[in-house]
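# Next comes the sequence, and after it the predicted model I'd like to discuss.
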Amino acid sequence: MLIGTFTPKLDDKGRLILPAKFREQMAGGLVVTRGHERCLFVFPMAEFASLHSKLADAPLTSRQARDFNRVLLSGAHDEIPDKQGRITIPPVLRQWASLGRDLAVVGTGNKLEVWDSAAWEDYLVGASEAFEDAAEEVVPGY
């Protein structure tokens, strides 16, 4: 399970050192792509393959499905971390997520999210109230 929040830095070459806690799960390969709320999603390769299989079943007649596939897959970049656990975030994805040097890497269960640190802090402020309000609906009995 990919959980926790870490605050690495993006180097001058656009590389991110994956937090040590996540390296084993990502060692066999990963996919970085556009995420929701202008963050990046980082999937272990097997998890992305499972998602891709579900996407392939979406009806071609659905405009919403086509749009989702286009945005998600057109930005997808597959990579194997180097020996230091570094991955390169392509310029198009750095721009998409408005990444600066300071990052937040957030484990969300089956994937990581990469945020600009300031954007993550802003998001948390806004999402905290919704978190409280949605608890019972999202997880009955919580």
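Noted; the coordinates are in hand.
# for the chain, which strand is longest?
Counting by DSSP state E, the longest strand found in the chain is strand 103-109.
# Identify the residues contacting that one?
1-10, 16, 18-19, 21-22, 39, 42, 112-117, 120-121 (Cβ atoms under 8 Å, 6 or more residues apart in numbering). Any C-beta I mention is one placed from the backbone N, CA and C, and that applies to glycine too.
# now it, how far from the centre of its chain.
The chain centre lies 7 Å from the centre of strand 103-109; the measure is Cα atoms, centre = their mean, to the nearest Å.
# shaky segments in this protein?
The chain contains residues with pLDDT under 70 at 135-136, 139-142.
# Give me the neighbour count for Pro44.
For Pro44, the neighbour count with other Cβ atoms under 10 Å is 21.
# Enumerate every residue touching it.
Per Cβ under 8 Å, 6+ apart, neighbours of Pro44: 25-26, 28-30, 110-111.
# from those, which would you call buried?
Buried members of these, scored by 16 or more other Cβ atoms under 10 Å, are 25-26, 30, 110-111.
# For this structure, just list every one of the helices.
Remark: helices assigned in the chain by DSSP state H are 20-26, 45-56, 63-74, 91-96, 117-138.
# Tell me the buried residues in the last one?
It stands for helix 117-138. 117, 119-120, 123.
# And for the fourth one?
Residues of helix 91-96 classed as buried under the neighbour-count rule (16+ other Cβ under 10 Å) are 93-94, 96.
# what do you get for the first one?
Burial within helix 20-26, assessed by neighbour count using 16+ other Cβ under 10 Å, is assigned to 22, 25-26.
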